[in-house]
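> Pasting a predicted model and its sequence here:
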Amino acid sequence: MSSSFSKSFGYTKQKIEATHKSVNKKTGQNQCNENESDSSSEIESFNFEGKDLQMEDDQNEEEVECDNEEEYSMSDAEIAALRNKISSFSLKKLTVLKSKIGLELFNKIMYGKSISSINENNLNKTIQSKKSGGTHRPRVESSTRPPPKFRPIKGLEVRKAKNSHFDPRFAASSGEFDQIAFHRDYSFIEDLRRKDIQELQNAYKQIKREGGNPKQIERIKRNLLRLRNQQKDYHDQKLKEDIFAELRQTNIERMNNGEKPIYLNNNELKEKFIERKKQQKHNKDQRIQETSKSNKNTNKGGKDEKMDDVEGRKELNN
């Protein structure tokens, strides 16, 4: 080659190519570059003391044949010195050097391996690590993987099934579910449920009295159980909403008076819910007792009136 590195560098490109050959011999990789033509600009000199990197275009083309080329073997010390020299280059000089001599040759000089062999070694290592890791270990995702083309946005997920039913009331794009607003807007459902329970109870009594179909009786019982469970869940949710509303109102009053608000944890809220439920049950039992007493009194009054009517009739007859 006509062009070469400067004296401060100490090695020509022919020497670098010969080093590439010697490294290949030592690593067992004997490769032969046939009919290689160099028509690009080469590095004229590397000035280590200055900041400018001078380059000169060489227009002379040389055909190098493996049989006619003079072999230049380098010792291990010379190869180590060359690698140390290249390792002291700046990033700019390294990029220029890689672009001129090629990445394949640069890797073989510095590491004694080509890009393909490095990639094969890395692939073998990853395969071995996957095999040794086990089948039940968590999957490790690469941090260098490019992001997806369509970024997933909460509330705007793409539906997979084309023919799946879609209700916009319960879609994620309509916003978060507000249970208090739902109970307020759909409170008429509880009235309809109460009417359905009453109708099913009447139908159950009538069919049982008439000795109807047992399958029909079983179906009515299942529907009754389902509606009663829904009614129970509705009342429980309503009770929780009432507790939260009371706590919110008390906190507003405390803050208006200049006091700190009270925040209850889950256990305290659960205890408050259980107490309120017991209180409701106690009030319901008292109401039932009062109604039963009033019914007894009305029955007694009716009996006394009947006795008076009977005695009056007897007197009239006499």
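Looks like it came in fine.
> for stretch 275-291, which positions count as buried?
In terms of neighbour count (16 or more other CB atoms under 10 Å), stretch 275-291 has no buried residues at all. Bear in mind the C-beta positions are built from the backbone N, C-alpha and C, glycine included.
> Now that stretch: average pLDDT?
Stretch 275-291 shows a mean pLDDT of 84.
> isn't Leu94 right up against Lys85?
No. Counting by CB atoms under 8 Å, no contact exists between Leu94 and Lys85, whose distance comes to 11.7 Å.
> what ranges of this protein fall below the confidence cut-off?
With pLDDT under 70 as the threshold, the chain has low-confidence stretches at 1-74, 113-134, 141, 152, 154-164, 296-318.
> residue ranges for the helices of this protein, please.
Taking DSSP state H as the criterion, the chain carries its helices at 13-27, 76-87, 91-101, 103-111, 115-133, 179-185, 188-210, 214-256, 266-317.
> Export these as a markdown table, with columns for distance to Ser173.
Written out in a markdown table, the entries for the helices of the chain read as follows (distance: least, CB to CB, whole Å):
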| stretch | distance to Ser173 |
| --- | --- |
| helix 13-27 | 61 |
| helix 76-87 | 57 |
| helix 91-101 | 49 |
| helix 103-111 | 50 |
| helix 115-133 | 40 |
| helix 179-185 | 17 |
| helix 188-210 | 24 |
| helix 214-256 | 25 |
| helix 266-317 | 31 |
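> Would you mind saying which of the ones you listed lies nearest Asp167?
Taking CB to CB as the criterion, Asp167 comes closest to helix 179-185 out of the helices of the chain, the separation being 13.7 Å.
> Who are the packing partners of the closest one?
Secondary structure elements in contact with helix 179-185, counted by 3 or more CB pairs under 8 Å, 6 or more residues apart in numbering; DSSP states H and E, are helix 214-256.
> what angle do the helix it packs on and helix 188-210 make?
Our comparison of helix 214-256 with helix 188-210, counting by axes from the mean of the first three to the mean of the last three CA atoms, to 10 degrees, yields an angle of 150 degrees.
> Which other helices and strands does helix 214-256 contact?
Under the contact definition 3+ CB pairs under 8 Å, 6+ apart, helix 214-256 sits against helix 179-185, helix 188-210, helix 266-317.
> For the first one, C-alpha coordinates in CSV please.
As requested, C-alpha coordinates have been extracted for helix 179-185 and formatted as CSV (Å, rounded to 0.1, in the frame of the first residue of the first chain):
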residue,chain,number,x,y,z
GLN,A,179,-70.9,3.1,42.5
ILE,A,180,-72.7,5.9,44.4
ALA,A,181,-73.8,7.5,41.1
PHE,A,182,-74.9,4.1,39.8
HIS,A,183,-77.1,3.4,42.8
ARG,A,184,-78.5,6.9,42.6
ASP,A,185,-79.3,6.7,38.9
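> what's the spacing between Gln206 and Gln231?
Relative to Gln231, Gln206 is positioned 22 Å away (criterion: CB to CB, to the nearest Å).
> Neighbour count: those two, which is higher?
Set side by side, Gln206 and Gln231 give different neighbour counts by other CB atoms under 10 Å, the larger being at Gln231 (15 against 10).
> wait, doesn't that one sit right on Glu190?
Yes. Counting by CB under 8 Å, Gln231 sits close enough to Glu190 to count as a contact (7.4 Å).
> in stretch 95-112, what's buried?
Within stretch 95-112, the residues that count as buried by 16+ other CB under 10 Å are 96-97, 100-101, 105-109, 112.
> Can you tell me which of the residues you listed comes closest to Gln289?
When the buried residues of stretch 95-112 are compared for distance to Gln289, the smallest value, 94.3 Å, is given by Asn107; criterion: CB to CB.
> Ramachandran angles for Ser143?
When quoted as degrees, to the nearest 10, the phi and psi of Ser143 stand at phi -80, psi -10.
> And for it, the neighbour number?
Neighbouring residues of Ser143 were enumerated by other CB under 10 Å; the total is 5.
> same thing with Ala81?
Burial of Ala81 is recorded as 14 neighbouring residues (other CB under 10 Å).
> just Ser294 next, same as before
Ser294 sits with 10 neighbouring residues when counted by other CB under 10 Å.
> hmm, back to that, which one of the buried residues of stretch 95-112 is nearest Glu241?
Asn107 (69.7 Å).
> any idea how far Leu97 is from the closest one?
For Asn107, the distance to Leu97 under the criterion CB to CB works out to 12 Å.
> Also Ile262?
Applying CB to CB to Ile262 and Leu97 gives a distance of 72 Å.
> cool, Asp185 as well?
Relative to Leu97, Asp185 is positioned 74 Å away (CB to CB).
> for Arg139, same thing?
Using CB to CB, one obtains 40 Å as the distance from Arg139 to Leu97.
> next one: Leu225
With the distance defined as CB to CB, Leu225 ends up 83 Å from Leu97.
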